[in-house]
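[1] sequence-free structure coming up:
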């Protein structure tokens, strides 16, 4: 059909209207600046900036939108953190994708009963002086994937592909790391020090320099149902006292599959499947 001049003008005008609508829609598809939340909040677009909890007992649902670092990101706790909470109770963070070189994807401190689920980030997360934290579906990268310090009663599940250390946990009590995978660390997949009853349960540490290292000051730790393979060292205990190591597999690690030094005393080893053992690790009967 041949379009008459008047029809062509109307058609072009209609196209211009549609294009204007698309541009307008795209202009509102990204949100900028720091977002401070005081009530349940669901993102409706990607955000360039940071998000700060200004109240407890609320939920942030990113709805799988992205949080990007940018010139709009403000400093919190002396760094650029994608999502930040200080001294908040019963908050939830879920369904977030965090993009860019933040100092921390999550910085949660002095808080209690925090729930984090389905959060993916290329940088690490930090939890400091918290009580009753629960994480699941947490996927992290960065130089140190997950930092846990002065924690009480936390339960952390994550998947970490790290640069230097996967999980660094110190001065924690009754804290559990479970259902977790760590790979690619040039240093240690999981390193702990000065912890009381740190539980490592159902963890896979593969292709790291060291799978698990517990340093002096740890006592009453439980390592169970975990696999340490293809690391330079599998399990290395330095001064872990009264610890329980049971039902783990450590094989195909370069120097030693399981090692304990003379400062590791009162430990119980049972039901493990080890290849090479070193130091004070007892020979299986």
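    That came in fine, so what should we check first? Note that the coordinates shown come from a computational prediction; the quantities given were computed from them, not determined experimentally.

[2] quick one: pLDDT of the closest residue to residue 247 other than its chain neighbours?
    Distances taken as C-beta to C-beta, 6 or more residues apart in numbering place residue 271 nearest to residue 247, at 4.6 Å, with adjacent residues excluded. No exception for glycine: its C-beta is placed from N, CA and C like everyone else's. Note on residue 271: pLDDT of 97.

[3] What is the burial count for residue 271?
    Applying other C-beta atoms under 10 Å, we find 11 residues neighbouring residue 271.

[4] Equivalent analysis for residue 159, please.
    Neighbours of residue 159 (other C-beta under 10 Å): 18.

[5] give the contact list for it.
    By C-beta atoms under 8 Å, 6 or more residues apart in numbering, the contact list for residue 159 reads 138, 139, 140, 180, 181.

[6] what's downstream of the least confident helix or strand in the chain by mean pLDDT, the next helix or strand?
    The weakest-scoring helix or strand in the chain, judged by mean pLDDT, DSSP states H and E, is helix 5-27 (a mean of 43). Sequence order places strand 30-32 as the next helix or strand after helix 5-27, per DSSP states H and E.

[7] Give the other helices and strands that that following strand contacts.
    Applying 3 or more C-beta pairs under 8 Å, 6 or more residues apart in numbering; DSSP states H and E, one finds that strand 30-32 contacts strand 46-48.

[8] Quick one: mean pLDDT over the strand it packs on.
    97.

[9] so how far is that strand off the chain centroid?
    Counting by C-alpha atoms, centre = their mean, to the nearest Å, strand 46-48 is centred 21 Å from the centre of its parent chain.

[10] Give me the contact list for it.
    Against strand 46-48 from outside (C-beta under 8 Å, 6+ apart): 29-33, 35, 65-70, 72-73.

[11] could those residues go into TSV alongside neighbour count and pLDDT?
    Converted to TSV, these look like this (neighbours: other C-beta atoms under 10 Å; pLDDT from 0 to 100):
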residue	neighbour count	pLDDT
29	11	75
30	14	90
31	16	93
32	14	95
33	13	93
35	18	97
65	18	98
66	18	98
67	28	98
68	19	97
69	20	95
70	16	93
72	15	91
73	23	93
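
[12] and of those, the nearest to residue 102?
    Within the contacts of strand 46-48, the smallest distance to residue 102 is 5.1 Å, found for residue 69 (C-beta to C-beta).

[13] which residue sits closest to the closest one, ignoring its sequence neighbours?
    With sequence-adjacent residues excluded and distances taken as C-beta to C-beta, 6+ apart, residue 69 is closest to residue 100, at 3.4 Å.

[14] Could you tell me the phi and psi values at that neighbour?
    Residue 100 adopts backbone torsions of phi 110, psi 180, taken as degrees, to the nearest 10.

[15] got the contact list for it?
    By C-beta under 8 Å, 6+ apart, residue 100 lies in contact with 68, 69, 70, 122, 123.

[16] One more: residue 74?
    With contacts defined as C-beta under 8 Å, 6+ apart, the neighbours of residue 74 are 34, 49, 50, 80.

[17] Columns distance to residue 107, neighbour count and secondary structure on top of these, output as a markdown table?
    Formatted as a markdown table, the contacts of residue 74 follow (distance: C-beta to C-beta, whole Å; neighbours: other C-beta atoms under 10 Å; DSSP: H, G, I helix; E, B strand; the rest coil):
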| residue | distance to residue 107 | neighbour count | secondary structure |
| --- | --- | --- | --- |
| 34 | 14 | 14 | coil |
| 49 | 15 | 20 | coil |
| 50 | 10 | 25 | coil |
| 80 | 10 | 21 | strand |
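
[18] now these in TSV, with distance to residue 279?
    Formatted as TSV, those follow (distance: C-beta to C-beta, whole Å):
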residue	distance to residue 279
34	51
49	50
50	46
80	43
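
[19] So which of these is the closest to residue 203?
    Nearest to residue 203 out of those is residue 80 (C-beta to C-beta; 29.8 Å).

[20] What residues sit buried inside stretch 254-265?
    If you call a residue buried by 16 or more other C-beta atoms under 10 Å, then stretch 254-265 has these buried ones: 256, 257, 258, 259, 260, 264.
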